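S.K.: here is a sequence together with a model predicted from it:
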Amino acid sequence: MKGTLSLGVDIGGTGVKLALVDGRGRIRRLQKFASPTKESPTEFLNIVGRWIRRFVGDRHLKTLRGIGLGVAGDVDHVHGRVRISPNLQWRNIPVKTLLRRYLPSIPFIIENDANAAAWAAYWVETHQRAKNLVCLTLGRGVGGGLVLNGVLYRGATGSAGEIGHMTIDLNGPACPCGSRGCIERYVGARALVERVRQAIEDGEQSLVTELVGNNFQAVTPLVIQQAAQRGDRLAQRIWREAGERLGVALASVVNLFNPERIILAGGVARAGRLILDPARRVMRQRAFPVPGHTVRVSLSQLDQDLGVVGAALLVP
Ligand SMILES: [Zn+2]
């Protein structure tokens, strides 16, 4: 007999998360591992397969509804492959085939991690009320997922919702995706850190230098946030500019989809009002008035667990 628990798996560039999740999206058990990124993709997935087998154990083997796996990148959810994941440096990896042998009798689905996050935001945070919802995950990269009319929108090839790769500057900096001036190059963690380092190298004074003890490898969005909260002008400017650029992208998103909710998650979003206030201001200035003032932009409550919960909830 099938029970009510599903297993969510979230594979990211830095960590792998496993969670047993009930039908209402509550986490019953959670375990995190560091991603074995030094291994080949096949060995990486063998390691994850063994973790999954051990995590599920014999106790849940017969009652598990299924496994939902979220992974960063362009995911072919029909064939269970990752076409390309710049974050993991994977190309054409048959994830489903490689992992299924560890639990062959259990249904298995695979989804883009930000799509999974959007699904959790819809289910758990809006209780399926916000039928049109956009979720952005602002981490190292910027992921996006769309729920439209209460359905996860995947597009023709499962690649929809890549809001992080919307161009906001025709001649902007090159992006790992192959394009230029993508929003990820302005509000991704890497971009923020680069901008702060560059400004300091160019001679600007900043509290960041002190906070990291001159070790600029240690600059993170959290450090820039702390500096801004203590009144550092450079850090405050970096957040304001990032927020304004995010707002430009959100205005386009609002005009395109007219969502009720935009939910932000990830390490960069945790800066809260530092990035949200300028983003909301610019979004409202630029979007059509009614959709721009109707949409509610907020931070995710589940935040880091959105992906793993959403992947589990996507199991049919
Ligand atoms: Zn891009």
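M.R.: Arrived safely.

S.K.: nearest spatial neighbour of Q229, chain-adjacent residues omitted?
M.R.: In space, and not counting its chain neighbours, Q229 is closest to L274: 7.6 Å by C-beta to C-beta, 6 or more residues apart in numbering. Quick note: C-beta positions are derived from backbone N, CA and C, even for glycine.

S.K.: hmm, that neighbour is touching I238, no?
M.R.: No. With contacts counted by C-beta atoms under 8 Å, L274 stays clear of I238, the gap being 9.2 Å.

S.K.: so which residue is smack in the middle of the chain?
M.R.: What sits nearest the mean C-alpha location of the chain, by C-alpha atoms, centre = their mean, is T137, with 3.2 Å.

S.K.: residues contacting that one?
M.R.: By C-beta atoms under 8 Å, 6 or more residues apart in numbering, the contact set of T137 is 113-114, 117, 143-145, 264-266, 269, 306-307.

S.K.: what of I106?
M.R.: 61, 64, 66-67.

S.K.: and if you look at L302?
M.R.: Taking C-beta under 8 Å, 6+ apart, one finds 120-121, 124-125, 265, 309 in contact with L302.

S.K.: so where's this protein uncertain?
M.R.: Scanning the chain for pLDDT under 70 picks out 1-2.

S.K.: cutoff 50 now
M.R.: Regions of the chain meeting the criterion pLDDT under 50 are absent.

S.K.: quick one, longest helix in it?
M.R.: Looking across the chain with DSSP state H, the single longest helix is helix 233-257.

S.K.: sorry, back to before: mind checking which of the contacts of I106 are in strands?
M.R.: Among the contacts of I106, DSSP state E puts I67 in strands.

S.K.: the more surrounded of L274 and I238?
M.R.: Using other C-beta atoms under 10 Å as the criterion, L274 and I238 rank with I238 on top: 27 against 22.

S.K.: run through the bridge partners of F108.
M.R.: I67 (DSSP bridges).

S.K.: what's the burial count for it?
M.R.: For F108, using other C-beta under 10 Å, the count is 20.

S.K.: would you mind naming what in the stretch 151-300 of the chain lies close to the ion?
M.R.: 165, 175, 177, 179, 182 (C-beta under 5 Å from the ion).

S.K.: strands of the protein, residue ranges please.
M.R.: For the chain, strands defined by DSSP E occupy the ranges 6-11, 15-21, 27-34, 67-71, 74-76, 81-85, 90-93, 108-112, 133-138, 142-148, 151-152, 261-265, 296-299.

S.K.: could I get those as CSV with distance to R245?
M.R.: Shown next, in CSV, are those (distance: least, C-beta to C-beta, whole Å):
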stretch, distance to R245
strand 6-11, 27
strand 15-21, 27
strand 27-34, 31
strand 67-71, 26
strand 74-76, 24
strand 81-85, 25
strand 90-93, 29
strand 108-112, 23
strand 133-138, 12
strand 142-148, 11
strand 151-152, 27
strand 261-265, 14
strand 296-299, 15
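
S.K.: which stretch among those strands comes nearest R233?
M.R.: Nearest of those to R233, taken as C-beta to C-beta: strand 133-138 at 22.7 Å.

S.K.: just checking: what are the partner strands of that closest one?
M.R.: Strand 133-138 has the following strand partners under DSSP bridges: strand 142-148 (antiparallel), strand 261-265 (parallel).

S.K.: and the closest residue to H60 other than its chain neighbours, what does it touch?
M.R.: Spatially, and ignoring its direct neighbours in sequence, H60 is nearest to L5 (6.4 Å; C-beta to C-beta, 6+ apart). Applying C-beta under 8 Å, 6+ apart to L5 gives the contacts 20-22, 28, 60, 63-65.

S.K.: return the member of the residues you listed nearest to the ion.
M.R.: Nearest to the ion, judged by C-beta to the ion, of those is V21 at 31.0 Å.

S.K.: could you dump the contacts of T137 to a markdown table with neighbour count?
M.R.: Shown next, in a markdown table, are the contacts of T137 (neighbours: other C-beta atoms under 10 Å):
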| residue | neighbour count |
| --- | --- |
| D113 | 28 |
| A114 | 29 |
| A117 | 33 |
| G143 | 31 |
| G144 | 26 |
| G145 | 33 |
| L264 | 25 |
| A265 | 28 |
| G266 | 26 |
| A269 | 23 |
| L306 | 30 |
| G307 | 37 |
